[in-house]
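>>> Sequence first, then the predicted structure, then my questions.
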Amino acid sequence: MKKLFLLLSIIVSLQTLAIDFPIKTTTLPNGLKVIVCEKNTSPMVQMEVWYRVGSKDEWDGVRGMAHMFEHMMFRGSKKYSGEGDVYIHEMEKLGATINAYTTFDRTVYWQELPKENIEKVFDMEADRMENLILDQKVLDTEREVVGEELRLGENKWYNRMSSDRYKHLYPAQHPYKVDVIGNLDEITAYTTKQCQDFYDKFYSPNNAYLVIVGDVKAEQIFEYASKYFGPIKKQLPLNAKKTEPDVFAFVPTTEEMQIDYPVQIYSYVVPAPAVGTPDYYGFNLLRDLLFNNSNSILNNSVVERGNLAYKIVPQSDDSRLYSNVATFDVVMQAQMGNAKVKKVVSKEIYDIINEGIDQELIDNYVKNLEVNQTFQNFSNQAIADKLGFAEYYFMDYKKYNQALETYKTIKAEQLTDICKKYFNPENLKVINIKPAME
């Protein structure tokens, strides 16, 4: 019965993998693009505002500013002012679930709410795009919140280790040289002028776009966009992409680290290609098959069958505009004989380089991914995220399914070539992280 259910699931996924709802778009004269998916399966609407700004756009003195603005954007605007997180309180009154996130490349604000209240959210989002309150009181409050977030993260041993390791991963001048959270000494020294300059530099209609998914009509949404965002005149000269760094220039500046926790970690560091480059999808697929899930090759051989480690913790991001590094942490008991883990990992990688990888392993992974993505298409937020990702990284929301479509064409021989290129001993480095000696 289980096999029959899985087969039926796969068949259904092949039929419904595309987003089976009308998707329409318009662009306002001020450059703001609006993407609407008319998904009438529930009375809820997901609205996302994507800004093309992240920590990659910062400069010395304002490291962490993009993430800081994620917080400040909830504090209030000219029309919606008050004490505390005004925007959270106001949107919760509308029945909305609300949040935001910041990455190296982008900042996204989102809310899901009953469709009858969507016009009010347009008014609120437009006002904070144009009229955010950036006074000393707001700055003092939010940088204390962000500073506390940073300090709390550093109180956790793994977060602290990741932060210490991060400093060794990227060369100077790389867009991702400083982690998204930034530096505490800079955060505590921000001025209101620096905040205003950052806001004026990146928060404008032609540096953002809207994604709306739910029980709406596109024509009505376009009217709201024109009414509330249309009058915003602020325009930014869009920055050209920075010079693409050499993906193979990322050599960790240390081979050993110490931590104040009783485990040992072999931290594998591998160069990872940027979105849109020829090796991007092949690398991501091989990475997942090797490290990234509970059924991965190395999780089976090192953790499940080999019983040589507690777990493998991957830190790898598909959404990077620039070449970067991926890390895979093999977390073990600190003891003699752990070198055996390196031998097992090396053997699995050499087996792929010398003998190739089983095409059935690839096909099964892709089929499972199809099933998962089919179920995601029932979610407003999942659809909005896919459309937003494609618009950001490919400048075309219609490429929302490109990853899976490409995975289905990849053959075992291509992954063997990727393995030779990225996971060979010249490029795959290991940082040995051990407990500090008392």
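Received the coordinates, thanks. Note that the structure is a prediction, hence the values are computed from the model and not measured.
>>> how many other residues sit next to N159?
14 (other C-beta atoms under 10 Å). Just so you know, the C-beta spots here come from the backbone N, C-alpha and C atoms, and that holds for glycine as well.
>>> Can you tell me the closest non-neighbouring residue to it?
Closest residue to N159 apart from its sequence neighbours, by C-beta to C-beta, 6 or more residues apart in numbering: G153 at 4.4 Å.
>>> SS state for that neighbour?
When classified by DSSP: H, G, I helix; E, B strand; the rest coil, G153 comes out as helix.
>>> show me what contacts it?
By C-beta atoms under 8 Å, 6 or more residues apart in numbering, the residues touching G153 are N159, R160, S163, I181.
>>> do K340 as well
Taking C-beta under 8 Å, 6+ apart, we find K340 in contact with L308.
>>> check which helix or strand covers it.
Assigned by DSSP states H and E, K340 belongs to helix 339-355.
>>> Which positions within that helix qualify as buried?
V341, V344, V345, E348, I349, I352, I353 (16 or more other C-beta atoms under 10 Å).
>>> Return the closest of those with respect to A384.
I352 (36.4 Å; C-beta to C-beta).
>>> Can you tell me the closest non-neighbouring residue to that closest one?
Spatially, and ignoring its direct neighbours in sequence, I352 is nearest to C419 (4.6 Å; C-beta to C-beta, 6+ apart).
>>> how near is that neighbour to P425?
Per C-beta to C-beta, to the nearest Å, C419 is found 12 Å from P425.
>>> of the two, who's got more company?
Neighbours per residue (other C-beta under 10 Å) separate C419 from P425, with C419 holding more: 24 against 10.
>>> roughly how far is stretch 20-30 from the heart of the chain?
Chain-centre distance of stretch 20-30: 24 Å, with C-alpha atoms, centre = their mean, to the nearest Å.
>>> buried residues in that stretch?
Within stretch 20-30, the residues scored as buried using 16+ other C-beta under 10 Å are I23, T25, L28, N30.
>>> Repeat that for stretch 46-62.
Applying a neighbour-count criterion of 16+ other C-beta under 10 Å, one finds 46-58, 62 buried in stretch 46-62.
>>> now, which of those sits nearest L387?
The closest of these to L387 turns out to be E48 (C-beta to C-beta; 8.7 Å).
>>> Sheet partners, orientation included, of the helix or strand where that closest one lies?
Element membership of E48 [criterion: DSSP H and E] is strand 44-51. Strand pairing for strand 44-51, using DSSP bridges, gives strand 107-114 (antiparallel), strand 208-214 (antiparallel).
>>> Tell me which residues are up against it.
106-115, 118, 121, 125, 129, 202-203, 207-216, 380-381, 383-385, 388, 391-392.
>>> ok, now stretch 250-264?
Against stretch 250-264 from outside (C-beta under 8 Å, 6+ apart): 157-158, 160-161, 164-165, 168-171, 265, 267, 269, 271, 310, 323-325, 331-335, 338, 429-437.
>>> Counting only strands, which of those make the cut?
265, 267, 269, 271, 324-325, 331-333, 429-435 (DSSP state E).
>>> the helices in the stretch 251-400 of the chain, which residues?
280-287, 297-298, 339-355, 359-376, 380-394 (DSSP state H, counting those that start in this stretch).
>>> how long is stretch 289-305 from one end to the other?
With C-alpha to C-alpha, to the nearest Å applied, stretch 289-305 spans 16 Å between its terminal residues.
>>> just the angle between the host helix or strand of F198 and strand 208-214, please?
Applying DSSP H and E as the criterion places F198 in helix 192-202. Taking axes from the mean of the first three to the mean of the last three C-alpha atoms, to 10 degrees, one finds helix 192-202 and strand 208-214 inclined to each other by 70 degrees.
>>> so who does the closest residue to G306 other than its chain neighbours touch?
Nearest residue to G306, sequence neighbours excluded (C-beta to C-beta, 6+ apart): V344, at 6.0 Å. Under the criterion of C-beta under 8 Å, 6+ apart, the neighbours of V344 are L298, S301, V302, G306, L308.
>>> For the residue lying closest to E154 once chain neighbours are set aside, report the pLDDT, please.
Using C-beta to C-beta, 6+ apart and skipping the chain neighbours, the partner closest in space to E154 is R160 (4.8 Å). On the pLDDT scale, R160 is placed at 92.
>>> The one 10 residues further on now?
Y170 carries a pLDDT score of 92 in this model.
>>> Over to L7?
Note on L7: pLDDT of 41.
>>> can you list the domains in the protein?
Per automatic domain parsing, the domain ranges recorded for the chain read 20-228, 247-435.
>>> Kindly calculate the angle that the helix holding K340 makes with helix 280-287.
Using the same axes, to 10 degrees: helix 339-355 against helix 280-287 is 130 degrees.
>>> Let me know the closest of the contacts of V344 to R143.
L298 (40.9 Å).
>>> List every C-alpha atom in the strand holding E48, with coordinates, as CSV.
Presented in CSV, the C-alpha positions along strand 44-51 are these (Å, rounded to 0.1, in the frame of the first residue of the first chain):
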residue,chain,number,x,y,z
MET,A,44,-6.3,34.5,2.9
VAL,A,45,-3.7,36.6,1.1
GLN,A,46,0.1,36.5,1.2
MET,A,47,1.7,39.9,0.5
GLU,A,48,5.5,40.2,0.2
VAL,A,49,7.7,43.3,-0.5
TRP,A,50,11.1,42.3,-1.8
TYR,A,51,13.9,44.9,-1.6
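>>> can you give me the offset of it from its chain's centre?
16 Å.
>>> tell me what the next helix or strand after it is packed against?
Per DSSP H and E, strand 44-51 leads on to helix 65-72 as the next helix or strand towards the C-terminus. Counting contacts by 3 or more C-beta pairs under 8 Å, 6 or more residues apart in numbering; DSSP states H and E, helix 65-72 packs against strand 97-102, strand 107-114, helix 136-154, helix 192-202.
>>> Lowest average confidence across those, which one?
Mean pLDDT is lowest for helix 136-154 out of these, coming in at a mean of 86.
>>> can you pull the buried residues of that helix?
V138, L139, T141, E142, R143, V146, G147, L150, E154.
>>> The second one against Y190, yeah?
Pointing back at L139 there. Yes - if you go by C-beta atoms under 8 Å, L139 and Y190 touch, sitting 6.3 Å apart.
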